[in-house]
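Engineer: Structure, please.
(one chain, ligands or ions: 1)
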Amino acid sequence: MAKAYDHLFKLLLIGDSGVGKTCLVIRFAEDNFSSTYISTIGIDFKIRTVDIDGKKIKLQVWDTAGQERFKTITTAYYRGAVGIVLVYDITDEKSFENIQNWMKSIKENASAGVERLLLGNKCDMEGRRKVGVGVPQLAKEHGIRFFETSAKSSENVEEAFRTLARDILHKSSRKGVSGAGIGGRGAAEGPPDPPPLTPP
Ligand SMILES: Nc1nc2c(ncn2[C@@H]2O[C@H](COP(=O)(O)OP(=O)(O)OP(=O)(O)O)[C@@H](O)[C@H]2O)c(=O)[nH]1
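Structural biologist: As a prediction, this is how the structure comes out:
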């Protein structure tokens, strides 16, 4: 029987409320988009398996609530992730400035060596752009890959997730497959070691 997958990678999206994290996950996992805004309560995840370099990579993509009141719940999920996607909205300067704080949160809560990716989302709204085009200094300083994406038009969404998965795959094959959230076939598929999800 064909193998279901070769590796399981747990990814996590973080960023201010309303930047489009849920929409990015839905675009990537289901190729869908809705303009209705339903703020995430706590945390949720979707799964998609992709083929990278001949390997089947099952991506478990965790979508966190951006609202401050969920921080205790969401930061508990950082440690089990092998990849963290930091998202801001190109039409919202504050969401970009806050990336510094989200970076700090990664440092405090995630496993060392977690792969990071920075996304400037809503790039379909060029007329309302508040954050400059080009690779932000922050991404250069931290050596993080950067894409501008649109969950609405699909631009760069596939590329962004695939690039992150490929970087993790290459890193794991250099180091041997171990570490938080990197699992071979049959690795635990549940959440890393978070507390049970409780209503706010
Ligand atoms: N034009 C445009 N709108 C988008 C895009 N991505 C998301 N949106 C809209 O932005 C709003 C917020 O999107 P969400 O995906 O719910 O934002 P979020 O970051 O998950 O928010 P929280 O769950 O509160 O943390 C919704 O109305 C979406 O339709 C995009 O790429 N382009």
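Engineer: tell me the contacts of residue 107?
Structural biologist: Applying C-beta atoms under 8 Å, 6 or more residues apart in numbering, one finds that residue 107 lies in contact with no residue. Heads up, the C-betas are built off the backbone N, CA and C, glycines and all.
Engineer: how about the helix of greatest length in the chain: buried residues?
Structural biologist: In terms of residue count, the longest helix belonging to the chain (DSSP state H) is helix 157-175. Of all the residues in helix 157-175, those buried under the rule 16 or more other C-beta atoms under 10 Å are 157, 160, 161, 162, 163, 164, 165, 166, 167, 168, 169, 172.
Engineer: Check stretch 93-113 too.
Structural biologist: Going by 16+ other C-beta under 10 Å, stretch 93-113 has these buried residues: 95, 96, 98, 99, 102, 103, 105, 106, 109, 110, 111.
Engineer: Who are the contact partners of the third one?
Structural biologist: Translated: residue 98. Applying C-beta under 8 Å, 6+ apart, we find residue 98 in contact with 15, 16, 88.
Engineer: and which of those is nearest the ligand?
Structural biologist: residue 15 (6.1 Å; C-beta to the nearest ligand atom).
Engineer: Just the element for the closest residue to that closest one other than its chain neighbours, please.
Structural biologist: In this structure, residue 15 finds its nearest non-sequential neighbour in residue 87, 3.5 Å apart by C-beta to C-beta, 6 or more residues apart in numbering. In the assignment (DSSP states H and E), residue 87 maps to strand 83-89.
Engineer: interface residues of this structure facing the ligand?
Structural biologist: 17-23, 34-35, 37, 39-40, 65-67, 121-122, 124-125, 150-152 (C-beta under 6 Å from any ligand atom).
Engineer: before we move on, the earlier item: so which of the contacts of residue 98 is the most crowded?
Structural biologist: residue 88 (26 neighbours; other C-beta atoms under 10 Å).
Engineer: is it true that that one touches residue 131?
Structural biologist: Yes: if you go by C-beta atoms under 8 Å, residue 88 and residue 131 touch, sitting 6.9 Å apart.
Engineer: Okay, the residue nearest to residue 15 and residue 50: tell me how far apart.
Structural biologist: Look at residue 87 and residue 50: by C-beta to C-beta, to the nearest Å, they are 19 Å apart.
Engineer: Just want to know which of those two has more residues nearby.
Structural biologist: Relative neighbour count places residue 87 above the other of residue 87 and residue 50, with 26 against 17, counting by other C-beta under 10 Å.
Engineer: Quickly list what the more buried one is bridged to.
Structural biologist: residue 119 (DSSP bridges).
Engineer: dump the residue contacts of it.
Structural biologist: 13, 14, 15, 19, 20, 21, 24, 119, 121.
Engineer: Show the pLDDT at the second one.
Structural biologist: So that's residue 14. We have a pLDDT of 98 for residue 14.
Engineer: Could you say which helix or strand holds the residue nearest to residue 46 when sequence neighbours are not counted?
Structural biologist: Residue nearest to residue 46 in three dimensions, not counting chain neighbours: residue 29, with 3.8 Å by C-beta to C-beta, 6+ apart. Using DSSP H and E, residue 29 sits within helix 21-30.
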